[in-house]
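Trainee: Take this sequence and fold it.
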Amino acid sequence: MGSSPTEKHLWSLQLHAALVVAKKNVLIYYLKAPVLIFGVLFPVFFFLAFATGRPVSVEEIAPGMLAMALFFTASAVGPLVTPWERQAKTYERLISSPASLEAILAGDVLAGLGFGAVFSAIPLALALALTKTTVAAPVELLVGLGLGALTFASLGVLLSAPATQSPSQIMMLANLVRLPLIFVSGVFVPIEKMPAWGRCLAASSPLSYCTDLVRRGFGYDGYFPLWLAPVALLGFTAIFLLVARRLHHLGRRKGQ
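Mentor: Residues are numbered from 1 along each chain as shown. So this is what the prediction gives:
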């Protein structure tokens, strides 16, 4: 049986609400400094500091830098949106609006996904213009960037779940989660060159699968089976959103 007209109308309203939330986030929060600092400058300097003095070419650096820039950009502001709104006393008005919690979280994810995709174009354009890097497999590259942005934006929404009005506390939590993921994800050291315990840790990080697809896009061999990386990214996305939804629901019940 198909959906009734009433159900379709509700779906349409919630989709519109998600788009309104995403637009609100972009206009109010995503034009602030953290996107530029944590999404672009931080990963670039982080990567260059690690790569300086190592016998690697710029072309080899490009896939990891692109994946890391996407990781930071898509998850940079999402964790801060809810604390900022709690601090400004606007969160209560948002959750009392007709928009469902799912629509609010979807809007947060859409904003992070969009900004991640837009800002990832900057290191991609620089790599193609200033180095001999070429796109050998555009489908793998686009799938890696698209699903990576979705997964990392979902991680940002999950990190925003703790009931606090202090953005600094959320930033500490976000960095506590994100920084270890970088070092086990094959961004700096290819996964196949890691010890056995490192390869096991790499398989638990969503950034590993995004980096793997981006490397394939630039013509390098992948570590994981081609089918596994997209499935893993979608799986991580589902887990992040389900846990975020649960934690936000618990926060509402406690009146936080």
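Trainee: CA only for contacts and neighbour counts going forward, please
Mentor: Will do.
Trainee: mind checking which helix or strand the residue nearest the centre of the chain is in?
Mentor: Nearest to the geometric centre of the chain sits Phe152, at 1.8 Å (C-alpha atoms, centre = their mean). Per DSSP states H and E, Phe152 falls inside helix 138-159.
Trainee: elements contacting the next helix-or-strand element following that helix?
Mentor: Elements were assigned by DSSP H and E; along the chain past helix 138-159, the next helix or strand is helix 167-183. Applying 3 or more C-alpha pairs under 8 Å, 6 or more residues apart in numbering; DSSP states H and E, we find helix 167-183 packed against helix 78-87, helix 138-159.
Trainee: deepest of these, which one?
Mentor: helix 138-159 (a mean of 25; mean count of other C-alpha atoms under 10 Å).
Trainee: quick check: mean pLDDT across it?
Mentor: When pLDDT is averaged over helix 138-159, the result is 93.
Trainee: ok, now stretch 230-243?
Mentor: Stretch 230-243 comes out at a mean pLDDT of 95.
Trainee: ok, now stretch 30-45?
Mentor: 63.
Trainee: so Phe240 touches Ala161, yeah?
Mentor: No. Checked against C-alpha atoms under 8 Å, the pair Phe240 and Ala161 is beyond contact range at 10.7 Å.
Trainee: Provide a list of residues in contact with the closest residue to Phe115 other than its chain neighbours.
Mentor: Computed as C-alpha to C-alpha, 6 or more residues apart in numbering, the closest residue to Phe115 that is not its neighbour in sequence is Ala74, at 6.2 Å. Shown in contact with Ala74 (C-alpha atoms under 8 Å, 6 or more residues apart in numbering): 39, 112-117, 149-150, 152-153, 156.
Trainee: So what's the residue count around Val135?
Mentor: Using other C-alpha atoms under 10 Å, Val135 has 16 neighbouring residues.
Trainee: If you could redo that for Leu10, that was the one I meant.
Mentor: 12.
Trainee: host element of it?
Mentor: Since the elements are taken from DSSP H and E, Leu10 ends up inside helix 5-28.
Trainee: do the same with Phe188
Mentor: Element membership for Phe188, per DSSP H and E: none, as it lies in no helix or strand.
Trainee: Need the per-residue pLDDT for the closest residue to it other than its chain neighbours.
Mentor: Leaving aside its sequence neighbours, Phe188 sits nearest to Gly64 (C-alpha to C-alpha, 6+ apart; 6.9 Å). You'll see Gly64 listed with a pLDDT of 83.
Trainee: Now do the contacts for Gly64.
Mentor: 186-188, 211, 214-215.
Trainee: hmm, back to that, Leu181: which of the helices and strands packed on helix 167-183 is closest?
Mentor: helix 138-159 (11.5 Å; C-alpha to C-alpha).
Trainee: Restrict that closest one to CA atoms and write it as PDB.
Mentor: The C-alpha trace of helix 138-159 is given here as PDB (Å, rounded to 0.1, in the frame of the first residue of the first chain):
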ATOM      1  CA  PRO A 138      36.200   9.900 -11.200                       C
ATOM      2  CA  VAL A 139      33.300   7.700 -10.000                       C
ATOM      3  CA  GLU A 140      35.400   6.300  -7.100                       C
ATOM      4  CA  LEU A 141      36.500   9.900  -6.200                       C
ATOM      5  CA  LEU A 142      33.000  11.300  -6.300                       C
ATOM      6  CA  VAL A 143      31.600   8.400  -4.300                       C
ATOM      7  CA  GLY A 144      34.400   8.800  -1.700                       C
ATOM      8  CA  LEU A 145      33.900  12.500  -1.300                       C
ATOM      9  CA  GLY A 146      30.100  12.400  -1.300                       C
ATOM     10  CA  LEU A 147      29.700   9.500   1.100                       C
ATOM     11  CA  GLY A 148      32.700  10.800   3.200                       C
ATOM     12  CA  ALA A 149      31.000  14.200   3.600                       C
ATOM     13  CA  LEU A 150      27.700  12.500   4.600                       C
ATOM     14  CA  THR A 151      29.500  10.300   7.200                       C
ATOM     15  CA  PHE A 152      31.600  13.000   8.700                       C
ATOM     16  CA  ALA A 153      28.600  15.400   8.900                       C
ATOM     17  CA  SER A 154      26.700  12.700  10.700                       C
ATOM     18  CA  LEU A 155      29.700  12.300  13.100                       C
ATOM     19  CA  GLY A 156      29.500  16.000  13.800                       C
ATOM     20  CA  VAL A 157      25.800  15.700  14.700                       C
ATOM     21  CA  LEU A 158      26.600  12.900  17.000                       C
ATOM     22  CA  LEU A 159      29.300  14.900  18.800                       C
END
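Trainee: Understood, closing this out.
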